Each structure stands twice: as C-alpha cells, then as structure tokens.
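Chemist: Sequence and predicted structure below; questions after.
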Amino acid sequence: MARETTHITSTTVNRALRAAANGLGNFEIGDTRLGGLTIRIRQRTATWAIRLRIAGRQTIRTIGSLDEFRDPETVRHLAARAKEMARDGVDPAELLLAARLEGSGELAAAETTALKRAGTVWTWEQLRNTFLDDTKARKRADTYRSYKSVLNLPDFAPLGGMLITEITSKHLLAVRQSLIDRGVATQAAAAVRTAKAAFSWAVEQPTSGLLRNPVADVKTKPRATSVQPIAALQYEDDGNGGKPLTEEELGTLPWAIGDYPNPAARLACMLVLATVQRRLTVVSALKDAFQEDPQTGYLVWKIHGGLNKGGRTHEIPLPPFARNIYECAKAISLPRSRWLFPKQRKQFASDDDSGHMNERTLNGVFYAAQEPGGRLAVPPGGKKLSPHDIRATFTSYMKEEHGCEDKDAALILQHSEGKGQTVTSRHYDRAKELERKYELLSLWEHYLQTAMTAHAVEE
C-alpha cells in the first residue's frame, strides 16, 4: 500500500478528497505533526484514523470522515486526546464515536457528548427534575411549587441540554439579567437562590458528577449603582429639579424627535411631553391601564402605585392630543404584549417579549434630537435637554402663565412630597379631581401645540 508522510494541511485534505472521489487507489498519508495520525483512502472514501497502543496491543481507531472533519488542527486535538487515553489504558473508541455523533470534531464538544452518552454527569434537565423530586419528597408542598415554578421559567431555556459541569456563573448571571430585563426583579432573585440551592444539593449526590457548586458566587441582585453619577452623566434629575425649556425649545423638540427612526420610542417620548410623566412610568404603561371613565367620559390612564414615589395609584385623564398618541402607540404595539411599549430587543431566542421598553431609550431619543447641526444642537459645555426637564417646564409654565399653586402641579406630577401638602382626597371627590387634572393638562396641551405650530419645520 502506498504511503506518504507530510505535514497535513487543508491542501492535503482537499487533495485526499479529490483522490477518493476519482477512485485513485488505496493509500495513506501520515502526519509529521502528530505521530499515528493518518488519512486513509479506501474505495472512494477518505477517513481520519489514529494508530494507538492499548494495553500493549497495536490498534487503529477511526476518527471520522474527511467530509465531516476538514480542519486538520481540530482533528489533531481530538487525536492527541485519544493517544493520552490509550496511554492510560482507556480505549478512546467512545470518545471518537461521540465526536462523529456530535459532528463538529471539536474535542470539548466530543467529551461533552461522550459524558452525556455515558450518563456519568447530569444534564441541566436531570439536575432540575431530580432536585424537584427530592424537594417534593422532603419539603413542604408550597416550597416544591415555588421551586418548580422558578426552575421552569423560560429564562432557563439556554441551559437546556448542557451538562452541569459546563454551566458557570456567567450562565446564571444571564438568567438573572433576562428576568431583570423582563421587569420581574423579584423572580430574578428567586431564580438565583433556587438554582444555587439545586447545584449545592447536586454536589452532595454521588451520581451527579459535580464536585463543586459552579454558581456559588452569583449574587441574587446586581451590585447597586449610585443614582448621582448616572444622573450627572445622563443629565437626568430625578428629583424636583430639571431645566425648564424655553418656548422655542419646547416647540422644536417634537419635530426633532420625529426624525428618530424608532416609531415606538418616538411615541413614548411624545407621551412624556403630553402627560408630563416620568420615563419609567411611560415605558412601563400597561395597555389595560387605559380605560374610559364612566363618571367623566375621559380616557383615564391608571398608573399603579408601585411606579410612583409616594406609592399611591395615580390617574391621568388624556386630552385629545395625548389620547391620539396613546392610540397610535397601541396600534403599532405587539398585539400579544401587555405593554403599550414592549421591549425592543430579545436577549435570547427563547425570550417571550414579556418586558417593556428600557426607559433609557427615551434619553437616547432626546439626545439624538440635539446632535450637532440640528436646531437643538447643544453648544460645547452646554446641558442637554432630558425627559425630566419636561416636568420642570410644566411646573414653571403653569405657575407663571396660569398662577397655579404647588398642589395643582402635584396633581399631575404625583410628587412624593405632595402627599402631605396637597392631600387631594380631602379637597376633591374623584370626579372633580379628574376634571381639574383634565383642565390642567388641556392648558399644557394647548401651550405645547401652540409652540409646535410656531416652530414647525418648514418643508
């Protein structure tokens, strides 16, 4: 049988494949880089093989077809591992079979597949199901139900099929972030706690194949970030401050926002302008929070107390302009989403789009409207306009032009400090309060539309 020895490269592989395809006889090509590694050409086939000595006996093990494994360096890693196993008296046949079944030729992937076939290391599904079975047998029913609900969240889907020895802190951090992005931070903390408990339990199980808890260092919550640096960087004052816009800036801003390429983000910013609510309040608005009020006939946006600093439910009636913005946003929103402004981007293929738009997206729209060359371009060293400045503008305008008191502004802004000052429930019944809010927002809406008309972009 003809044989040659050379440094096998991709060119060598292609030559061997052509020879096999043309039926050019039986011969072998040995590799000078790794002793024992050969390409065998037989009856129109070309395969990788490795010559080994196992327990004192010389043998040959097939690695795979050249059609499957074309990268010589990848095959060398696999063959080198096979030789190591043979020196230890272990036949690498199962590893090489796993490589062919897995298909990539990568050593790590072949070892993982071999372990799965052998069943010596649990997969994520085995850990989850076995842990839940043990919990059901040993713990209270409500604990079992809680663990089962958490570990079956779709955010764990990327772990599917992985060996538990492959899973690292980064994987669990990705699960935590996915839940946070979906707006369910409480579930994120529960997911981390439950997963850590499951891995800790698996370490003590002799059949799991896990020697240490790989996610022990994952925190239930991300490290808290100080608000002050973020506010400074984003020009975002989350208190009662903010920079009141001039009439020209207010009238120009909607036209500049209109050039932003994301229609949902544009509408979210316009809803900030029309209703004077905070960024997070707007982007987290639920579709079913907007309902016709039978007492007044207004379309009322009922904002959950959890989104307000004072922790109280806040109702905002929508005058015509604001109502039109809401209806446009609803028309382009994903029908299956509960949110008026659904999350813009999936983190995983399994993501179910159940989150809402990130509130910082609104800052991005505002800042894009102030890029150099535009009518709202910020001079060097100047302060950019931010969504929160709209609240300051509303307060300033209502006081200066209409003589409104702090309690009137607080009716719209829902300031936490307004709780003790306004106590609106003692001065108005609900219908009168809604009428007063509608009146205030109508005044603001008129001012906004008048400014927009005065500073419309000429075609």
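Modeler: Sure, I can see it.

Chemist: Would you map the strands across the chain?
Modeler: Remark: strands assigned in the chain by DSSP state E are 2-6, 27-31, 37-42, 45-54, 57-65, 290-292, 299-303, 314-317.

Chemist: between those strands, which one is nearest to residue 394?
Modeler: Closest approach to residue 394 among the strands of the chain is made by strand 314-317 (12.4 Å; C-beta to C-beta). Every C-beta, even on glycine, is put in place using the N, C-alpha and C of the backbone.

Chemist: Give me the contact list for the closest one.
Modeler: For strand 314-317, the external contacting residues (C-beta atoms under 8 Å, 6 or more residues apart in numbering) are 275, 277, 293, 296, 298-303, 305, 307-308, 412, 414, 433-434, 437-438, 441.

Chemist: how about 7 Å then?
Modeler: Residues from elsewhere that reach strand 314-317 (C-beta atoms under 7 Å, 6 or more residues apart in numbering): 275, 277, 296, 298, 300-303, 308, 414, 434, 437-438, 441.

Chemist: distance between that strand and the chain's centre?
Modeler: In terms of C-alpha atoms, centre = their mean, to the nearest Å, the centre of strand 314-317 is found 31 Å from the chain centre.

Chemist: try stretch 96-104
Modeler: Centroid separation for stretch 96-104 versus its chain: 32 Å, with C-alpha atoms, centre = their mean.

Chemist: Alpha carbons of it, as PDB, please.
Modeler: As requested, the backbone C-alpha atoms of stretch 96-104 are provided in PDB (Å, rounded to 0.1, in the frame of the first residue of the first chain):
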ATOM      1  CA  LEU A  96     -14.300   9.200  18.800                       C
ATOM      2  CA  LEU A  97     -17.800   7.800  18.300                       C
ATOM      3  CA  ALA A  98     -19.200  10.800  20.300                       C
ATOM      4  CA  ALA A  99     -17.200  13.100  18.100                       C
ATOM      5  CA  ARG A 100     -18.800  11.600  15.000                       C
ATOM      6  CA  LEU A 101     -22.300  11.800  16.500                       C
ATOM      7  CA  GLU A 102     -21.800  15.500  17.600                       C
ATOM      8  CA  GLY A 103     -20.400  16.400  14.200                       C
ATOM      9  CA  SER A 104     -18.100  19.300  14.800                       C
END
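
Chemist: What residues sit buried inside that stretch?
Modeler: 96-100, 102 (16 or more other C-beta atoms under 10 Å).

Chemist: Figure out which of the strands of the chain is closest to residue 143.
Modeler: Nearest of the strands of the chain (C-beta to C-beta): strand 299-303, 34.8 Å.

Chemist: Name the residues of the closest one that are buried.
Modeler: Quick answer for strand 299-303 (16+ other C-beta under 10 Å): 299-301, 303.

Chemist: Over to stretch 87-95?
Modeler: Buried residues in stretch 87-95 (16+ other C-beta under 10 Å): 92, 94-95.

Chemist: Including pLDDT, could the buried residues of strand 299-303 go into a markdown table?
Modeler: Listed next are the buried residues of strand 299-303 as a markdown table, based on pLDDT from 0 to 100:
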| residue | pLDDT |
| --- | --- |
| 299 | 97 |
| 300 | 96 |
| 301 | 96 |
| 303 | 90 |
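
Chemist: Format those as a markdown table; extra columns: distance to residue 361.
Modeler: Shown next, in a markdown table, are the buried residues of strand 299-303 (distance: C-beta to C-beta, whole Å):
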| residue | distance to residue 361 |
| --- | --- |
| 299 | 25 |
| 300 | 26 |
| 301 | 20 |
| 303 | 19 |
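
Chemist: Nearest to residue 83 among those?
Modeler: Closest approach between these and residue 83, by C-beta to C-beta: residue 303, at 67.8 Å.

Chemist: Nearest residue to that closest one in space, ignoring adjacent ones along the chain?
Modeler: Excluding the flanking residues, the one nearest residue 303 by C-beta to C-beta, 6 or more residues apart in numbering is residue 314, at 4.3 Å.

Chemist: And for that neighbour, the neighbour number?
Modeler: Residue 314 has 19 neighbours, counted by other C-beta atoms under 10 Å.

Chemist: how close does it get to residue 183?
Modeler: 18 Å (C-beta to C-beta, to the nearest Å).

Chemist: likewise residue 251?
Modeler: 34 Å.

Chemist: And residue 14, by the same measure?
Modeler: From residue 14 across to residue 183, the span is 53 Å (C-beta to C-beta).

Chemist: Equivalent analysis for residue 255, please.
Modeler: Residue 255 is 32 Å from residue 183, where distance means C-beta to C-beta.

Chemist: my guess is residue 42 contacts residue 27, does it?
Modeler: No. Counting by C-beta atoms under 7 Å, residue 42 stays clear of residue 27, with 9.1 Å between them.

Chemist: low-scoring stretches of the chain, by residue?
Modeler: Residues of the chain meeting the criterion pLDDT under 70: 1, 224-241, 306-311, 345-354, 415-428, 458-459.

Chemist: can you point me to the longest helix in it?
Modeler: When the chain is parsed with DSSP state H, its longest helix is helix 430-454.

Chemist: Determine the set of other helices and strands touching that one.
Modeler: In terms of contacts (3 or more C-beta pairs under 7 Å, 6 or more residues apart in numbering; DSSP states H and E), helix 430-454 is packed against helix 247-257, helix 263-275, strand 314-317, helix 320-332, helix 389-402, helix 406-413.

Chemist: Outside of stretch 432-451 itself, list whatever touches it.
Modeler: With contact meaning C-beta under 7 Å, 6+ apart, stretch 432-451 is reached by 247, 250-251, 273-274, 276, 293, 296, 298, 300, 315-317, 319, 321-322, 394, 397-398, 402, 408, 411-412, 424, 428.
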